[in-house]
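>>> Return atomic coordinates for the entry below.
(one chain, ligands or ions: 2)
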Amino acid sequence: MTERKDTIFAEPQDIKKFEFDQKVVEVFPDMIKRSVPGYTTIIQGIAEIAQRFVQPNSTIYDLGCSLGAASLAIRQTVDRSDCKIIAIDNSPAMIERCQMIQSSYNFAMPIEVMEADINELEMSSASMVILNFTLQFLPRGHRQELVDRIYDALLPGGCLVLSEKITLQHKALDEHIIDLHHDFKKQNGYSDMEIAQKRAALENVLLPDTREKHYKRFANAGFSEYDSWFQQYNFASFIAVK
Ligand SMILES: Nc1ncnc2c1ncn2[C@@H]1O[C@H](C[S@+](CC[C@H]([NH3+])C(=O)[O-])CC(=O)[O-])[C@@H](O)[C@H]1O
Ligand SMILES: O=C(O)C(=O)Cc1ccccc1
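Ligands and ions are numbered 1, 2, ... in the order given. Down below sits the predicted model:
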């Protein structure tokens, strides 16, 4: 499939809150690569982490899978038919496209693509759970409960990979880092207007936490081993092991 360029915020518009609708689905691969520093590296890293952490006869959960980039990378890398991936998203448009993409590949590892709310999903026998830039879209009050349920669903030695846009604790430094992210977007061809309009659309939709808050949630859930394995500007990925 040819990749369509993201021009969603290119023209001046009344700003509505950001949604994962059909318009976003059409440009999503381009949007995420031009907006999230390290996205491709993180996807590749998740596949490498899977090679190390996936256990026999276990399940891998990709929560907020969008088009299933992380799932696809794992299926490409981990050649096992005794495990399965469950990929979940609550956007019908994302799930329809994800289904189409995943079914066009024939790997040993089976995948179930489901439209569902990750807050209501029952999970068990998990060797790996992926939240790749998803937790940031949940109301803050729902986040601890989800991390608790992930901990409970993990097998001993299983891991959670959590990637997030983060806020830095020190305000002045946080502002510099946000500017560096905006410079990254400019270098990738977004105009100042596109950056400003998308920022307004994401207000109260994408709610970043600090690294310290994420670490507290891991600890509260019962994880004793966690750290970051990737960061570029205010985009970080963490691993927590049960
Ligand atoms: N409650 C929810 N239940 C299920 N899905 C949800 C929920 N809330 C939001 N989503 C879904 O979480 C996804 C976040 S994008 C993930 C990228 C992907 N992980 C990737 O590796 O390419 C990140 C981004 O675009 O910055 C969207 O598809 C939402 O529909
Ligand atoms: O574009 C941004 O500023 C982001 O923070 C990342 C992003 C990427 C794709 C959809 C929503 C947010």
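
>>> Pull the residues that contact the lengthiest helix in the chain.
Looking across the chain with DSSP state H, the single longest helix is helix 171-187. By Cβ atoms under 8 Å, 6 or more residues apart in numbering, the list of residues contacting helix 171-187 from outside reads Arg34, Ser35, Pro37, Thr167, Leu168, Asp192, Glu194, Ile195, Tyr233, Asn234, Phe235. In short, each C-beta sits where N, CA and C put it, glycine included.

>>> now the residues you listed: which count as buried?
Among the contacts of helix 171-187, those scoring as buried are Arg34, Ser35, Pro37, Thr167, Leu168, Glu194, Ile195, Tyr233, Asn234, Phe235 (criterion: 16 or more other Cβ atoms under 10 Å).

>>> Which secondary structure element is home to the closest residue to Phe137 other than its chain neighbours?
Excluding the flanking residues, the one nearest Phe137 by Cβ to Cβ, 6 or more residues apart in numbering is Leu206, at 6.1 Å. With elements taken from DSSP states H and E, nothing contains Leu206; it lies in neither a helix nor a strand.

>>> quick one, phi psi at Leu206?
Backbone dihedrals for Leu206, given as degrees, to the nearest 10, come out at phi -100, psi 110.

>>> from the buried ones among the contacts of helix 171-187, which ones fall inside helices?
Arg34, Ser35, Glu194, Ile195.

>>> Distance of the last one relative to ligand 2?
In this case it means Ile195. Distance check for Ile195 against ligand 2: by Cβ to the nearest ligand atom, to the nearest Å, it reads 7 Å.

>>> Who are the contact partners of that residue?
Taking Cβ under 8 Å, 6+ apart, we find Ile195 in contact with Phe9, His182, Lys185, Lys186.

>>> just the buried members of the residues you listed?
Neighbour-count burial (16+ other Cβ under 10 Å) applied to the contacts of Ile195 gives Phe9, His182, Lys185.

>>> which secondary structure elements does the helix or strand containing Val24 contact?
According to DSSP H and E, Val24 maps onto helix 22-35. With contacts defined as 3 or more Cβ pairs under 8 Å, 6 or more residues apart in numbering; DSSP states H and E, helix 22-35 has these neighbours: helix 39-53, helix 92-103.

>>> for those, which one sits closest to Met128?
Shortest separation from Met128 across the helices and strands packed on helix 22-35 is recorded for helix 39-53, at 5.2 Å, computed as Cβ to Cβ.
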